[in-house]
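> here you go, sequence then predicted model.
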Protein chains: 2
Amino acid sequence: MENLWTKNLRKIDPYVPGEQSSDRDIVKLNANENPYPPSPMAVQAIKNFDTGSLRFYPNANATPLKRAIADYYNVGVENVFLGNGSDDVIAVAFQALFNSDLPVVFPDLTYSFYPVWCSLFGIPYKNYPVGDDFRINAEDYEEKNGGVIIPNPNAPTSVGEGRDFVEKIMEYNADSVVIIDEAYVDFGGESSVELTKKYENLLVTGTFSKSRSLAGLRIGFAIGSERLVSVLEAVKNSYNSYTVDSISIAAGVASILDDDYFKQTCSKIIETRQYVTAQMRSMGFKVLDSKTNFIFATKDDASMKDMFEYLKTQKVYIRYFSLPRIENYVRITIGTDREMEIFLEKVKEYIG
Amino acid sequence: MENLWTKNLRKIDPYVPGEQSSDRDIVKLNANENPYPPSPMAVQAIKNFDTGSLRFYPNANATPLKRAIADYYNVGVENVFLGNGSDDVIAVAFQALFNSDLPVVFPDLTYSFYPVWCSLFGIPYKNYPVGDDFRINAEDYEEKNGGVIIPNPNAPTSVGEGRDFVEKIMEYNADSVVIIDEAYVDFGGESSVELTKKYENLLVTGTFSKSRSLAGLRIGFAIGSERLVSVLEAVKNSYNSYTVDSISIAAGVASILDDDYFKQTCSKIIETRQYVTAQMRSMGFKVLDSKTNFIFATKDDASMKDMFEYLKTQKVYIRYFSLPRIENYVRITIGTDREMEIFLEKVKEYIG
């Protein structure tokens, strides 16, 4: 018989994070991680960090990092919110901004955490299917809702929409808070940060985990009106006051300041992406036009699931989602040129 | 007129974190931070950290740190839960374990975040007043409830109860989950970790922020039955998979391994605490017997609020709570001997 105390335990299906491996030989193209190390300036900030100061709590407002981000995006410090990775930032935003009886709306093919957060916080939600070309139809979002969240560029599709698309979404949603999740925007997407000055109900989120090679340090941010940011701060300060640690603050600031390195590595990844896309198309794959650090691909006469499994035996890890509409697609993170040559070679082997 | 979108914003009174100052001259005895730097082994782990690996997400399960903690406390890896500071750990525990219509119960004088989390997550709660001697009365907790949380030692009172007290609480609460918050236990308290093997419904939480001088890195943990930990993991993995960053994992492991340094610094703080307690008593203060890295004190013929204000003008920061029952008490963190001599001198000046 079950004990009585167990009846108050939360029943929830745990989100299962992607595969990890400590095998150094693996070509790891399954987590959209950056193939290049963090900025040398960020590395110096870590090496020179005054470790004695770790006995103190971090700056509660993480002000140095907020200021660096504010300067970079040309907004005020009061327009910047920070969290323990953009998952933390978006989870706080769901709790802070989505308190309606109407459903929060987002595309059917998108970041798999959105429905998980809705379940966790008891928020109703609704999906609008993306088109057969995987484009998001702005008109779907005209319907009354309890909030909108759209990743732009979208994942796992890699497709990016322009600022005009976001403007349309904003016009349809004067009565809702709209979150544009820009985790992948630095690889060729069009940022909507500037629009946060025009629309007080627009929040744009970003991360240091992809384009800044700092996934290991957990830095996410949001930019929006002072009104929105103050509600995010109130919820965050009711949960955990110090989510960004002292070393992350220092490394994050240095990363922002090293803009040359940032631009170089992003450009290099875009260049490699173009090459891999062309190569795969020449092998008969359909590859969507990507604005991200990954590509989304299929091949009519081949099983992508089998290819994914085969590559795994060859120590090349890519991502396969066993989901309706995309059950014959794979998502491949863009690595170094050398990693992508190995990948392409193994794909050639597979399709024989 | 307010826009319609603002009606779905969360209305919440933000928790206001304690005062911070970047003034290096300040004697900072207001945040229960450790006066000694982190373990030299932890410092080495940070200096030698492979920064290139920061491009990867942290180990999703933070396994190396879980294993170090499990070995230290003689429990299994499956009995350890980790989070971004113990605030994050306890906030996850509230969401995961306190899902009853009955109120969660805790002392009236206690960690001020407990009612804040209850408000955030919509959990009903109820306080039991501590006695005039600031001891917690175990019998109060015999009443049916939706869960129990008790810090032991308690803050801001500094008073610690023995394991027999926790056993009583467990006997009364076979139908509830009980959390014992041991943030301060390493300064002379009696840990209940061993009891988690006997009681499947007992969770003990701890932090690296106080006794391990790593407040700046945000490492908290919980120890409990596999049943409880699996529910915590499910909620955490539905919120944010990677709450402990890669450098914190490495530094945390090293800190645990350097047990000599840990024991030395804790002993030194206890020694300084005994000295300061004796000195203050000889000046006519009532000082509670502390099992923590702070003391809780009052003086019948003096205003503690005024003393707090006076010390601030003298660049000595202590903590004053404008709360019923303790409006003439101050909480003083134990610093280095030198810091405490300055503090005592200024107190002498004040009571003059």
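Structure's in. What do you need? Numbering: from 1, shown residues only, chains lettered A, B, ... in the order given.
> so the helix or strand containing A:D164, near chain B or not?
Of the helices and strands defined by DSSP states H and E, A:D164 is found in helix A:163-172. No - if you take CB under 8 Å from any CB of the partner chain as the test, helix A:163-172 misses chain B, and the best it gets is 10.8 Å. Where C-beta positions appear, they are placed from N, C-alpha and C, glycine not excepted.
> that helix packs against which elements?
Under the contact criterion of 3 or more CB pairs under 8 Å, 6 or more residues apart in numbering or on different chains; DSSP states H and E, helix A:163-172 touches strand A:178-181.
> list the pairing partners of the strand it packs on within its sheet, with orientation.
When sheet partners are counted by DSSP bridges, strand A:178-181 sits next to strand A:148-151 (parallel), strand A:202-207 (parallel).
> chain center to it, what's the gap?
Taking the mean of its C-alpha atoms, strand A:178-181 sits 11 Å from the chain's own mean (CA atoms, centre = their mean, to the nearest Å).
> which outside residues touch it?
Counting contacts by CB atoms under 8 Å, 6 or more residues apart in numbering or on different chains, the residues outside strand A:178-181 that touch it are A:86, A:90, A:93, A:97, A:111, A:147-152, A:166, A:169-170, A:192, A:199, A:201-205.
> quick one on the thing from earlier: can you give me the buried ones in the helix holding A:D164?
By 16 or more other CB atoms under 10 Å in any protein chain shown, the buried positions in helix A:163-172 come out as A:F165, A:V166, A:K168, A:I169, A:M170, A:Y172.
> equivalent analysis for stretch A:173-190, please.
Counting neighbours by 16+ other CB under 10 Å, one finds that the buried residues in stretch A:173-190 are A:173, A:175-190.
> list the contacts for A:L344?
A:V276, A:Q279, A:M280.
> equivalent analysis for A:T157, please.
A:L109, A:V130, A:F134, A:L288, A:F296.
> what's the closest non-adjacent residue to A:D301?
For A:D301, ignoring the flanking residues on the chain, the nearest one in space by CB to CB, 6 or more residues apart in numbering or on different chains is A:G284 at 7.6 Å.
> any idea which element that neighbour lies in?
Assigned by DSSP H and E, A:G284 belongs to no helix or strand.
> that one is in contact with A:I351, isn't it?
Yes - applying CB atoms under 8 Å, one finds A:G284 in contact with A:I351, separated by 7.5 Å.
> list residues touching both of the two?
In terms of CB under 8 Å, 6+ apart, A:G284 and A:I351 are both contacted by the residues A:K299.
> list just the nearest of the buried residues of helix A:163-172 to A:Q264.
A:V166 (27.7 Å; CB to CB).
> wait, that closest one sits on A:L195?
Yes - between A:V166 and A:L195 a contact is recorded at 6.1 Å, counting by CB under 8 Å.
> ranges for the strands of the stretch 151-300 of chain A?
When secondary structure is read from DSSP state E, counting those that start in this stretch, the stretch 151-300 of chain A shows strands at A:178-181, A:202-207, A:220-224, A:286-287, A:294-298.
> which one of those lies nearest to A:S22?
Each of the strands of the stretch 151-300 of chain A has some distance to A:S22 by CB to CB; the shortest is strand A:294-298, at 22.3 Å.
> do the closest one and chain B meet?
No - contact check for strand A:294-298 against chain B, using CB under 8 Å from any CB: none in range, with a minimum separation of 14.5 Å.
> flag every buried residue along that strand.
Of the residues in strand A:294-298, those buried under the neighbour-count criterion (16+ other CB under 10 Å) are A:F294, A:I295, A:F296, A:A297, A:T298.
> ok so, going back, residues shared between the contacts of A:V166 and A:L195?
Each of A:L202 lies in contact with both A:V166 and A:L195 under the rule CB under 8 Å, 6+ apart.
> distance of A:T277 relative to A:A297?
Distance of A:T277 to A:A297, computed by CB to CB, to the nearest Å: 8 Å.
> kindly report the same for A:T63.
Shown here: A:T63 relative to A:A297, a distance of 43 Å by CB to CB.
> got any ranges where chain A has weak pLDDT?
Across chain A, residues meeting the criterion (pLDDT under 70) sit at A:1-2, A:14-19.
> ok, now with 80
Confidence mapping of chain A against pLDDT under 80 gives the ranges A:1-2, A:13-24.
> I'd say A:I249 and A:N61 touch.
No - using CB under 8 Å as the test, A:I249 is too far from A:N61 to be in contact (10.2 Å).
> neighbour count winner among those two?
For the pair A:I249 and A:N61, the greater number of neighbours falls to A:I249 (24 against 19), based on other CB atoms under 10 Å in any protein chain shown.
> which one is that one nearest to, not counting chain neighbours?
Closest residue in space to A:I249, ignoring its immediate chain neighbours: A:L65 at 4.7 Å, by CB to CB, 6+ apart.
> what do you get for A:V178?
Nearest non-adjacent residue to A:V178, counting by CB to CB, 6+ apart: A:V148, 4.4 Å away.
> how close does the one you found get to chain B?
10 Å (CB to the nearest CB, to the nearest Å).
> what of A:N173?
In this structure, A:N173 and chain B are 8 Å apart, going by CB to the nearest CB.
> now do the contacts for that residue.
A:Y141, A:N145, A:V148, A:N201, B:W5.
> now do the phi/psi pair for it.
Main-chain dihedrals, A:N173, degrees, to the nearest 10: phi -120, psi 50.
> can you pull the contacts of the closest residue to A:K286 other than its chain neighbours?
Leaving aside its sequence neighbours, A:K286 sits nearest to A:T298 (CB to CB, 6+ apart; 5.2 Å). With contact taken as CB under 8 Å, 6+ apart, A:T298 is in contact with A:F285, A:K286, A:M304, A:N328, A:Y329, A:V330.
> which of those tops the neighbour count?
If you count neighbours using other CB under 10 Å, the busiest of the contacts of A:T298 is A:V330, which has 25 neighbours.
> can you verify that one is assigned to a strand?
Yes - when DSSP: H, G, I helix; E, B strand; the rest coil is applied, A:V330 is found to be in a strand.
> distance of it relative to A:V347?
Between A:V330 and A:V347 the computed distance is 10 Å (CB to CB).
> so what sits against both of those two?
Contact criterion CB under 8 Å, 6+ apart; residues shared by A:V330 and A:V347: A:M307.
> ok, and the most crowded of the contacts of A:N173?
A:N201 (26 neighbours).
> residues touching the closest residue to that one other than its chain neighbours, list them.
Of all residues beyond its chain neighbours, the one nearest A:N201 is B:W5 (4.5 Å), with distances taken as CB to CB, 6+ apart. Going by CB under 8 Å, 6+ apart, B:W5 touches A:N173, A:A174, A:D175, A:S176, A:V177, A:N201.
> what about B:W5, distance to B:Q264?
According to CB to CB, B:W5 stands 56 Å off from B:Q264.
> what does A:Y261 give?
For A:Y261, the distance to B:Q264 under the criterion CB to CB works out to 42 Å.
> what's the answer for A:V316, then?
Relative to B:Q264, A:V316 is positioned 50 Å away (CB to CB).
> higher neighbour count, those two?
In terms of neighbours (other CB under 10 Å), A:V316 is the more surrounded of A:V316 and B:Q264; the figures are 24 against 13.
> ok, the more buried one touching A:V27?
Yes - under the criterion of CB under 8 Å, A:V316 lies in contact with A:V27, with a separation of 4.5 Å.
> which residues do those two both contact?
Overlap between the neighbourhoods of A:V316 and A:V27 consists of A:I342, A:F343, taking contacts as CB under 8 Å, 6+ apart.
> which residues of the stretch 201-350 of chain A fall in helices?
Ranges of helices in the stretch 201-350 of chain A, per DSSP state H, counting those that start in this stretch, are A:226-236, A:246-257, A:259-282, A:304-313, A:337-351.
> contact partners of the longest one?
For helix A:259-282, the surrounding residues in contact (CB under 8 Å, 6+ apart) are A:34-36, A:39-41, A:72, A:186-188, A:211-213, A:255, A:287, A:289-290, A:293, A:295, A:297, A:332, A:334-337, A:340, A:343-344, A:347.
> good, wrapping up.
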